[in-house]
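# next input, structure requested:
(one chain, ligands or ions: 1)
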Amino acid sequence: MTTQDDDKPALYGRKVLSFVRRSGRLDDRLQRAWDRYADRYLLDAAAGEGSLNVRDDVRFDADFVRNAWGNDNPLIVEIGTGQGENIVAAAAARPDVNFLALEVYDPGVAHTLLLAGKQDLGNIRIAQVNAPELFAHADAGVVGEVWTFFPDPWPKMKHHKRRIVQPELAASVRHALADGGVWRIATDIEDYALHVHEVMDGIAGFENAGGLTVSLPTGHVGKGNAELAADMPHADFAESERFGGRVLTNFEKKGLAAGRTIHDFTYRAV
Ligand SMILES: C[S@@+](CC[C@H](N)C(=O)[O-])C[C@H]1O[C@@H](n2cnc3c(N)ncnc32)[C@H](O)[C@@H]1O
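Okay, the predicted model is just below:
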């Protein structure tokens, strides 16, 4: 079942989803970008036309990388690339690394195609699928780094389970990562920062490689009562300096403009 209303059950089939399916109408510019660049950059991993499920026979392995990029270069995967500004800039800066953008939203995918195509980049590919599913199809060690920047915050308490950083995804990201590889996460939402620590600190197979000490409330707040957090008991957590390989996207800019602190995390596969 799909839903346009985030108060309805968050189910798609039997799955809790981290996104709402929205109509993805493209304006003329994005439609032209899609028509021009989809064949070059879009990977065929979905279960069918319009589906965000990953096809049963897809193996996200070394052959998948060789077929898609034509080489064995290290691979960085960004989950939820939005408009694609960050991954396209990273791909342009590091031509010796392969980049895979995972995004579900049509206009975001189209905009990423546009940015990549305009620069004629050869090292980026895009898969329009539910990201945790692709990771569930991954072979051990196929990915060098995973990035999740400014994930949808799902502020209401009853929606916290829709946050994409979850133990199940962490387990499959760990499996996909080569030893020593990292999962970088960033959020401007304080309650999401606590959520990341709860899911990731001490989870099997990762160490928190952050060198900064950050004080956070130890209780959760939801939409409408976020201001209560300041009076809650706090504890210290390890976080990272801002990741220098990230360009400022609109989501980070909006957080900064609203006076929010950006929380960066580095979890190393051990
Ligand atoms: C708040 S936006 C941030 C985008 C980008 N990282 C940035 O900083 O500009 C989060 C993005 O994650 C995407 N997303 C959410 N759940 C996803 C999933 N399960 N698989 C792939 N993309 C997802 C959304 O469509 C949205 O574009």
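# what residue of this structure is the furthest out?
Ranked by distance from the centre of the chain (CA atoms, centre = their mean), the top residue is residue 231, with 31.1 Å.
# give me the pLDDT value at it.
In this prediction, residue 231 carries a pLDDT score of 93.
# just residue 6 next, same as before
Value for residue 6, per-residue pLDDT: 42.
# how about residue 9?
Predicted confidence (pLDDT) for residue 9: 41.
# and stretch 53-68, what's buried?
By neighbour count on 16 or more other CB atoms under 10 Å, the buried set for stretch 53-68 is 54, 58, 60-61, 64-65, 68. Every residue, glycine included, has its C-beta placed from N, CA and C.
# dump that stretch to PDB, restricted to CA.
Only the C-alpha atoms of stretch 53-68 are listed here, as PDB (Å, rounded to 0.1, in the frame of the first residue of the first chain):
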ATOM      1  CA  ASN A  53      11.700  -2.400  -4.500                       C
ATOM      2  CA  VAL A  54      14.900  -4.100  -5.600                       C
ATOM      3  CA  ARG A  55      14.600  -7.000  -8.000                       C
ATOM      4  CA  ASP A  56      15.100 -10.400  -6.400                       C
ATOM      5  CA  ASP A  57      17.900 -11.300  -8.800                       C
ATOM      6  CA  VAL A  58      20.000  -8.200  -8.100                       C
ATOM      7  CA  ARG A  59      23.300  -9.000  -6.400                       C
ATOM      8  CA  PHE A  60      25.100  -5.900  -5.200                       C
ATOM      9  CA  ASP A  61      28.600  -7.300  -5.600                       C
ATOM     10  CA  ALA A  62      31.900  -6.800  -7.400                       C
ATOM     11  CA  ASP A  63      30.300  -7.800 -10.800                       C
ATOM     12  CA  PHE A  64      27.600  -5.300 -10.200                       C
ATOM     13  CA  VAL A  65      30.200  -2.600  -9.800                       C
ATOM     14  CA  ARG A  66      32.300  -3.800 -12.800                       C
ATOM     15  CA  ASN A  67      29.200  -3.900 -15.000                       C
ATOM     16  CA  ALA A  68      28.000  -0.400 -13.900                       C
END
